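Asks: attaching a predicted model along with its sequence, questions to come.
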Amino acid sequence: MGLVLLIVIWLITVISTYFFVAKTWWLPTGASTAAAGIDHHFTTTYILMGAVFVAAQVALGFFAWKFRDRGASSSKAASYSHGNNTLEILWTVLTLVLFVGMNLMSRSIWASERFDSAQPGALQVEVTGMQFAWYFRYAGPDGKFGAIKPELIDASAGGESALGLDPSDPASKDDVVAGTMYVPVGRQVELILRAQDVIHSFFIPSMRFKQDAVPGLAIHMHFTPIATGEYEIACAELCGLGHYKMHGMLKVVSPADFETWLTAREAEKQ
Amino acid sequence: MATREFAAHELHAAPQGFIRKWVFSLDHKVIGLQYYFLALTAVFVGMFLSLLMRIHLIWPNATLPLFGDIKPETYLSLLTMHGTIMVFFVLTTAPQGGFGNYFLPIQIGAADMAFPVLNMLSFWITFLAYIVMLSAFFVVGGAPLHGWTGYPPLSALPSAGPGEGLGADLWVISIALFCVGALMSALNFITTTLDMRAKGMTLMRMPLTCWAWFITAILGLLAFGVLFSAGILLLLDRNAGTSFFVPLVTVNGQLAGHKGGSPLLWQHLFWFFGHPEVYIAILPAMGLCSQLLSVFSRKPIFGYKAMVYAMLSIGLLGFMVWGHHMFMSGMSPYTGFAFSVMTMAIGVPSAIKTFNWLGTMWGARIRFSSPMLFAIGFVSLFVSGGISGPFLAQPVLDIPLHDTYFVTGHFHLIMGVASIFGIFGATYYWFPKMFGRMMSESLARWHFWFTFIGTYAIFMPMHYLGMAGHPRRYSQLTELNYLHGLVPLQKFITYAAFVTIAGQFIFLFNLFWSMKAGKKASDNPWEATTLEWTTTTPPPHDNFGGHTPVVYNGPYEYSVPGAPRDYVMQTDPAIVSVAH
């Protein structure tokens, strides 16, 4: 039985580890400035924890086999020991250093993502989640977002009406509301995350970006895309029966294409 | 102390009628069995719900017998009820209410719990909570779809989705009731442990199972009160027009009529309970597996004191880490960093326990009886589920991983399956004492292999899904393009679930068949040292047949040099000057 346990535990370890090492399934290709740092720290954690995983499982399987009761063929009694304080202190300190050290290593990435606010030149996009769609609003040439009035919300009408944009506010005249998110490559994007009904979570795997959108809060976040392309946006917080289909699209384009797109949208409004 | 103890004995004589003996019983052993069988029905209900979910994920258009079509909202109801039933009515109920009730008094040498009437009430309130929870399936709109975490506003607004009407009210009421039962039970466990120990049973001579139940009870006392309050507030938000958790929101273009509440407040209250709850589920399994590893290794537990201190620090730190569930919630990122450091720190006592388990096996003479197989399986699963913890504990890595299948894989392995392995191990270990017969060893082995390999096959691939960005709680895989490539892995998981679930019927059969037809058990079939093995099988009404045991030894005296056999009972004459 000890041998079977050894084989099964080792096999489980080898197979599990193979798929991690072979990267058969892995983080999607990163396309933001944050991705490299996050991925690097992910890999570091994964090597350290992977080593712990393999060592512990290998030892467990080996001990099960090595220290099996050999019945009458061995008269050697089990060793009588209540433990070893030096060992206890040693592995407590080692684990503490490993775990807290790992944490401190990632501190600067977290700080640049969440402690620092967006740069002055960042493109502001207001993201609003509602059952079950994302809407994106750009402030237009005046740089100001128009007022939102909840009583004006008409979800079925889509676009500005779905957000409840107040047409009587001068600042709302040039606001652009879109169902697809366009941003220029290489420029920081400042997101203002809102939710209209329940909690949603704005998740762009390729940008290594995730943040809940919470009713009643306007959460300011930022990221900087570094490669043009189309990236899927998912909802990562259970928001109701259509949670699985609450997806959006992020189109990262050249600055010139972005200007063309934004100008055209503004022209449509006039 | 002794006088109080005897007072409790004499409070209730052995009942005669069926109702007082088996239904409204004051006997901790009967109440333990009642909790156990409640959890047994709950685990099969919960497992069946997960099977329906797995079927729907890979065959979304399948029509099921009895059930019909599974719509997206049905899927979410299944998910909500699966999580709630498993966490509350299985993982909290079986190890603590079931085995704790049955064996804590016996292991410390008491005749019953400190408050037998309170004990009976705890069970019946838990039973009522269970019935209320199940009834949510049968009301208009069906069971709620807000997940076991019930985040408002989704859980607070009947208009937010099907199931959020009466079904959600029943869900909240059930949880509040469960909290009441759990609080009473926690008081009982704490008092019993502190006041009812037999002569010589010092705290540091208690089996680690008793320590685990004791610490779990303290966690329960501090955690369930908070959840109870949160549940009442949510009920008021839902029905009395208050706005604790709901700000001004518009659902489907209609103003919901609330103003100024904070959705994050619920998350803080919920996880202040929710994280200690993880330890409420796993601590008894830790205690039990320590016990089993020592018994079947025929060795003292490695580092008894370190084990006790590790459990105490897990209990203490467990109340300072709840914010790691909220890194992406909009909580201050500075707070997030502080919670992250505390969370990494709680990994340390968990690692100490793992080292000590391996240390216990070092130099052993391992007997591979079925309880030991599950104890070894527990250690393996605890490691596998544990090493993904430091990923999720770091907010930076939580950005890609939060609310993906990586989390689902992580907590199922460690809180779900590892705890369940504790419950299985306990069942195989204590069944002879509880029912006077042995379970079939060969069926138990089949059950072990099915479950051990099967659960790895189900939950390990979920980590891969999560790394690829697969969000949790998606009822269909059709809408996001990047999920299409992951469908084969989802299929594999469902197939593995079929096989693993089939394996559980081996256990069910073995359990009931052995009650009737198992081999007669001796009083101490595993040659273990703790007090439950000094009494008859099954134990008499007052546990020790009229006398109170006196304890002279620690709980794990195996292979003592010079002793006549390889174990020294706790009630045997004291071991003289043993070299460590």
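Replies: Arrived safely, thanks for sending.
Asks: got the phi/psi numbers for the residue lying closest to B:Pro158 once chain neighbours are set aside?
Replies: Nearest-residue entry for B:Pro158: B:Gly165, 4.6 Å, with adjacent residues in sequence omitted and distances by Cβ to Cβ, 6 or more residues apart in numbering or on different chains. For every residue, glycine as well, the C-beta is placed using N, CA and C. With angles defined as degrees, to the nearest 10, B:Gly165 sits at phi -90, psi -120.
Asks: how close does B:Gly165 get to B:Ser155?
Replies: For B:Gly165, the distance to B:Ser155 (Cβ to Cβ, to the nearest Å) stands at 12 Å.
Asks: with A:Gly216 instead?
Replies: As judged by Cβ to Cβ, A:Gly216 and B:Ser155 stand 16 Å apart.
Asks: which other helices and strands contact the host helix or strand of A:Ala36?
Replies: For A:Ala36, the element it lies in under DSSP states H and E is helix A:33-66. The contact analysis (3 or more Cβ pairs under 8 Å, 6 or more residues apart in numbering or on different chains; DSSP states H and E) places helix A:33-66 against helix A:2-21, helix A:85-105, helix A:107-110, helix B:333-361, helix B:370-387, helix B:389-392, helix B:395-401.
Asks: so which elements touch the following helix or strand past the third one?
Replies: Sequence-wise, the next helix or strand beyond helix A:107-110 is strand A:123-130, with elements assigned using DSSP H and E. If contacts are counted by 3+ Cβ pairs under 8 Å, 6+ apart, strand A:123-130 sits against strand A:133-138, strand A:181-184, strand A:189-195, strand A:200-204, strand A:209-213.
Asks: again, 7 Å this time
Replies: strand A:133-138, strand A:181-184, strand A:189-195, strand A:200-204 (3 or more Cβ pairs under 7 Å, 6 or more residues apart in numbering or on different chains; DSSP states H and E).
Asks: mind checking which of A:Gly216 and B:Ser155 has more residues around it?
Replies: Ranked by neighbour count (other Cβ atoms under 10 Å in any protein chain shown), A:Gly216 and B:Ser155 place B:Ser155 first, with 29 against 20.
Asks: rewinding a little: now the helix holding A:Ala36: how far from the chain's centre is it?
Replies: How far helix A:33-66 lies from its chain's middle: 21 Å, per Cα atoms, centre = their mean, to the nearest Å.
Asks: quick check: angle from it to helix A:2-21?
Replies: Between helix A:33-66 and helix A:2-21, the angle comes out at 170 degrees (axes from the mean of the first three to the mean of the last three Cα atoms, to 10 degrees).
Asks: tell me the mean pLDDT for helix A:33-66?
Replies: The average pLDDT for helix A:33-66 rounds to 95.
Asks: give the full set of residues in contact with B:Asn252.
Replies: By Cβ atoms under 7 Å, 6 or more residues apart in numbering or on different chains, the contact list for B:Asn252 reads A:Ala155, B:Ser159.
Asks: go with 6 Å
Replies: Listed by Cβ atoms under 6 Å, 6 or more residues apart in numbering or on different chains, the contact set of B:Asn252 reads A:Ala155.
Asks: skip the chain neighbours and tell me the closest residue to the residue nearest the centre of chain A.
Replies: Central residue check for chain A by Cα atoms, centre = their mean: the C-alpha nearest the mean position is that of A:Lys210, 4.1 Å away. Using Cβ to Cβ, 6+ apart and skipping residues adjacent in sequence, the residue nearest A:Lys210 is A:Phe203, 4.6 Å away.
Asks: go on, B:Ala375?
Replies: B:Leu292 (3.8 Å).
Asks: one more: A:Ile9?
Replies: Counting by Cβ to Cβ, 6+ apart, the residue nearest A:Ile9 is A:Gly61, at 3.7 Å.
Asks: what about the one you found, how many neighbours?
Replies: 24.
Asks: got it, and the one 5 residues further on?
Replies: Neighbourhood size, A:Lys66 [other Cβ under 10 Å]: 15.
Asks: what's the answer for A:His220, then?
Replies: A total of 14 residues lie near A:His220 under the criterion other Cβ under 10 Å.
Asks: any buried residues in the helix holding A:Ala36, and which?
Replies: The neighbour-count check on helix A:33-66 (16 or more other Cβ atoms under 10 Å in any protein chain shown) flags A:33-35, A:37-39, A:41-42, A:45-46, A:48-50, A:52-54, A:56-57, A:59-65 as buried.
Asks: what angle do that helix and helix A:85-105 make?
Replies: Relative orientation of helix A:33-66 and helix A:85-105, computed by the same axes, to 10 degrees: 160 degrees.
Asks: who touches B:Val87 in this structure?
Replies: B:Val87 touches B:Trp148, counting by Cβ under 6 Å, 6+ apart.
Asks: no further questions, thank you.
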